[in-house]
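In: For reference, the sequence and a predicted model appear below.
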Amino acid sequence: MKFYRLMKYSLAAFLLALVFALPGKAQQNNLTPEQKEKQMYEQIDKEVERLTTLLKLDEAQQFYVTMSLTECLKGLQEELASLSASGVQNADIYITIQDKWLEKLDNDYKSYFTPDQWKRYLRSGAERAQKARAKRREKAESVTEN
């Protein structure tokens with residue numbers, strides 16, 4: 001039980017790192033593009049290691065996780081940088097974009113995890129994150145309907 005709590009907090013820490021590692025943040029303004037990219041790949045490596053430990057991923061799955069994380073993180077960063085450059089200040093829009101990319105990442109994972117790995121992944125905190133995204137999506141849809 002303690003192991004799953006630890007993994008849940010690790011997932012939460014990774015997601016927070018994604019949010020705070022985005023371009024345009026004050027802490028990263030001094031970093032060169034090469035340093036930012038290096039930092040992104042270090043985060044990806046840590047998450048692949050975490051998932052490999054948690055789910056006992058084989059080499060092919062590690063490759064797919066790495067590719068999915070790279071694609072999603074780059075896409076997320078590009079989209080958020082574009083919003084930031086255009087002067088968007090509404091935090092809900094940024095969260096919606098983040099949710100879209102995290103949903104894509106989960107869909108990618110589900111396609112190459114075994115059913116047992118997927119269950120363990122969900123129990124590690126992903127299920128709670130999915131429910132939170134669904135709740136935010138429902139709230140946004142109800143606001144646009146009114």
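Out: That came through fine.
In: Can you name the element that comes right after the helix or strand of the chain with the lowest mean pLDDT?
Out: When each helix and strand of the chain is scored by mean pLDDT, DSSP states H and E, helix 2-20 comes last, with a mean of 54. Remark: after helix 2-20, the chain's next helix or strand is helix 33-55, criterion DSSP states H and E.
In: Buried residues in that following helix, which are they?
Out: Met40, Gln43, Ile44, Glu47, Val48, Arg50, Leu51, Leu54, Leu55 (16 or more other Cβ atoms under 10 Å). Heads up, the C-betas are built off the backbone N, CA and C, glycines and all.
In: now stretch 122-136
Out: So, applying 16+ other Cβ under 10 Å, buried residues of stretch 122-136: Leu122, Ser124, Gly125, Ala126, Ala129, Arg133.
In: Please name the residues that touch Asp45.
Out: Residues near Asp45 by Cβ atoms under 8 Å, 6 or more residues apart in numbering: none.
In: whoops, Ser68 was the one
Out: Taking Cβ under 8 Å, 6+ apart as the test, what Ser68 contacts is Leu105, Asp108, Tyr109.
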